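# here are the coordinates; sequence isn't available:
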Ligand code: PMP
């Protein structure tokens with residue numbers, strides 16, 4: 001007997017289940033293109049050269065192990081702000097920012113502050129990162145969904161997005177991914193962002209920008225953050241959930257930030273104090289190590305330049321892999337249309353493989369993608385790309 005008999009077993013997250021299956025597969029040619037982690041051209045997990053440089057400095061400084069503050073490592077905050085908003089906006093004093101437990105922690109803190117402000121319904125375009133809805137429901141908020149991506153055309157169903165905004169109930173929060181959409185790789189165009197801004201600017205709603213892959217779409221972090229800066233310029237209030245997991249490869253360090261744009265100078269410290277209170281009651285202090293690396297990278301001009309190059313290199317490699325997939329499938333005369341692989345951006349290609357085809361990729365060809373047919377293109381390289389394309393060709397015939 002146990003005092004915990006009220007609890008029922010919870011299923012593993014599907015991606016963790018896929019990873020476990022991959023780990024248990026004895027086939028020497030198995031291939032992992034599932035979880036969203038960038039891998040280098042030789043298949044190894046990638047340490048950003050800029051991070052390596054920052055760690056060398058950090059090791060010499062010996063910062064000790066004291067607590068940070070309840071809003072995070074002080075020197076991390078301006079770097080996080082400048083990365084998303086650029087130096088000019090970051091200096092204007094309209095951002096309430098705290099350090100968070102990476103992007104997930106930022107989303108959680110965003111949901112809490114929005115709930116306190118009365119925004120209790122979260123609208124999610126589907127398919128989406130699988131944690132949004134459970135996270136909102138976890139804190140007692142409601143959720144609504146609308147279609148984001150059209151399987152037929154393999155592009156955004158923008159009419160559906162517009163309709164969702166027009167018909168939303170008051171106090172709805174639209175969670176919008178700024179770039180490198182997970183899982184579809186289909187990003188809103190500048191014109192579409194303009195329409196969304198026009199639709200939301202005078203509406204009793206909130207926009208939440210989730211920016212987990214800044215720089216991985218265009219190769220330029222500033223360009224990828226364009227929608228956020230564009231909304232800011234219109235004098236809007238909104239929130240931004242930022243992660244350094246991907247664009248500095250700091251997955252395990254949990255470095256991220258929540259930014260709330262507050263236009264009223266007197267209200268800003270009030271909002272900030274609530275963010276700090278929420279963080280204190282759950283985590284007390286922000287973790288130091290990852291934040292130190294980020295702040296060293298961002299505040300050391302020569303390392304910052306290397307970071308820019310790192311990100312550009314990552315984006316370029318993914319574009320190259322996408323091109324090669326299309327070329328190889330064309331050569332194989334694989335039935336179907338595959339040009340969406342080069343239209344989509346970032347780590348993920350939403351291949352359109354069915355559940356059955358995906359299962360065959362795994363069980364017959366030992367290629368592990370997520371159940372919805374999402375492929376991490378960074379898992380591909382010169383050594384395994386042909387094997388991947390031949391398997392895909394076989395399962396769609
Ligand atoms: N948002 C999106 C769209 C993501 O894909 C992820 C990670 N897969 C996150 C947020 C959160 O990532 P993390 O907590 O590692 O920063």
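Received the coordinates, thanks. What you are looking at is a predicted structure, and each value in this text was computed from that prediction instead of being measured. Residues are numbered from 1 along each chain as shown.
# Residue numbers of the stretch 51-200 of the chain in contact with the ligand?
Counting by C-beta under 6 Å from any ligand atom, the residues of the stretch 51-200 of the chain close to the ligand are 102-104, 129, 177, 182. C-beta here means a position set from N, CA and C on the backbone, and glycine is covered the same way.
# and with 5 Å instead?
102-104, 129, 182 (C-beta under 5 Å from any ligand atom).
# Which residues outside the lowest-mean-pLDDT helix or strand in the chain are in contact with it?
Taking mean pLDDT, DSSP states H and E as the measure, the helix or strand of the chain with the lowest value is helix 14-24, at a mean of 91. Helix 14-24 has contacts (C-beta atoms under 8 Å, 6 or more residues apart in numbering) with 11-12, 30, 32, 34-35, 130, 362, 368-371.
# ok, and does it reach over to the ligand?
No. Taking C-beta under 5 Å from any ligand atom as the criterion, helix 14-24 and the ligand are apart, separated by no less than 9.0 Å.
# ok, and for that helix, which residues are buried?
15, 18-19, 22 (16 or more other C-beta atoms under 10 Å).
# nearest to residue 41, of those?
Comparing the buried residues of helix 14-24 against residue 41 with C-beta to C-beta places residue 22 closest, at 20.5 Å.
# Strands of this structure, start to end?
31-32, 95-101, 121-126, 142-147, 149-150, 155-156, 172-177, 205-211, 239-243, 255-261, 348-350, 367-368, 374-376 (DSSP state E).
# which stretch among these comes nearest residue 163?
strand 142-147 (7.2 Å).
# From the contact counts, what lies against the closest one?
strand 121-126, helix 132-138, helix 158-167 (3 or more C-beta pairs under 8 Å, 6 or more residues apart in numbering; DSSP states H and E).
# and of the ones you listed, who's closest to residue 263?
helix 158-167 (20.9 Å).
# Give me the residues contacting the closest one.
123, 125, 144, 146-148, 150, 174, 188, 192, 195-196, 199-200, 203, 205.
# can you give me how far that helix is from the chain middle?
For helix 158-167, the separation from the chain centroid amounts to 22 Å (computed by C-alpha atoms, centre = their mean, to the nearest Å).
# Give me the buried positions along that helix.
158, 160-161, 164-165.
# which one of those residues sits closest to the ligand?
Of all these, residue 161 has the smallest distance to the ligand: 16.5 Å, by C-beta to the nearest ligand atom.
# I'd like to know how far the closest residue to residue 116 other than its chain neighbours sits from residue 286.
Leaving aside its chain neighbours, residue 116 sits nearest to residue 274 (6.0 Å; criterion: C-beta to C-beta, 6 or more residues apart in numbering). Residue 274 sits 16 Å away from residue 286, taking C-beta to C-beta, to the nearest Å as the criterion.
# if you count what's nearby, which of those two comes out ahead?
residue 286 (26 against 16; other C-beta atoms under 10 Å).
# ok, now which ones touch that one?
Contacts of residue 286 (C-beta under 8 Å, 6+ apart): 68-73, 76, 98-101, 279.
# Over to residue 141?
The contact partners of residue 141, by C-beta under 8 Å, 6+ apart, come to 111, 115, 120-122.
# Check residue 182 too.
36, 128-129, 212-213, 346-348.
# ok, residue 116 - how many residues close by?
14.
# and what of the one 10 residues further on?
When neighbours are counted by other C-beta under 10 Å, residue 126 registers 14.
# Hmm, it is touching residue 143, no?
No. Counting by C-beta atoms under 8 Å, residue 143 is not a contact partner of residue 126; they are 10.8 Å apart.
# For the nearest residue to residue 256 once chain neighbours are set aside, give its distance to residue 265.
Spatial nearest neighbour of residue 256, excluding adjacent residues (C-beta to C-beta, 6+ apart): residue 102 at 4.0 Å. Separation of residue 102 from residue 265 (C-beta to C-beta): 30 Å.
# The two - which one has more neighbours?
Neighbours per residue, other C-beta under 10 Å: of residue 102 and residue 265, the larger number sits with residue 102, 24 against 9.
# show me the contacts for that one.
By C-beta under 8 Å, 6+ apart, the residues touching residue 102 are 243-245, 253-256.
# Look up the pLDDT of it for me, please.
Residue 102 carries a pLDDT score of 98 in this model.
# from the stretch 1-150 of the chain, which residue is nearest to the ligand?
Closest point on the stretch 1-150 of the chain to the ligand, by C-beta to the nearest ligand atom, is residue 103, at 2.8 Å.
# Quick one: residues contacting that residue.
Taking C-beta under 8 Å, 6+ apart as the test, what residue 103 contacts is 210, 212, 241-243, 245, 256.
# What residues of stretch 84-99 count as buried?
84-86, 89-90, 94-99.
# coming back round to it: and the contacts of helix 158-167, which is closest to residue 41?
Once C-beta to C-beta is applied, the member of the contacts of helix 158-167 that ends up nearest residue 41 is residue 188, at 29.6 Å.
# what number of residues lie near the closest residue to residue 177 other than its chain neighbours?
The shortest distance from residue 177 to any non-neighbouring residue, by C-beta to C-beta, 6+ apart, is to residue 210 (5.0 Å). Using other C-beta under 10 Å, residue 210 has 24 neighbouring residues.
# is residue 210 in a bridge, and if so with what?
Beta-bridge partners recorded for residue 210 (DSSP bridges): residue 177, residue 241.
# repeat for residue 348
residue 376.
# Can you tell me how far it is from residue 40?
18 Å.
# Pick out whichever of the two has more residues nearby.
residue 348 (25 against 15).
# list the contacts for that one?
36, 180-185, 374-377.
# how about 7 Å then?
Residue 348 sits next to 36, 182-183, 185, 374-376 when contact means C-beta atoms under 7 Å, 6 or more residues apart in numbering.
# quick revisit: quick check, nearest of the contacts of residue 286 to residue 294?
Among those, and counting by C-beta to C-beta, the member closest to residue 294 is residue 76, at 5.7 Å.
# Share the number of residues neighbouring that closest one, please.
As a measure of burial, residue 76 has 28 neighbours, counting by other C-beta under 10 Å.
# Tell me where the stretch 151-300 of the chain has helices.
158-167, 190-200, 221-224, 226-233, 268-282, 289-299 (DSSP state H, counting those that start in this stretch).
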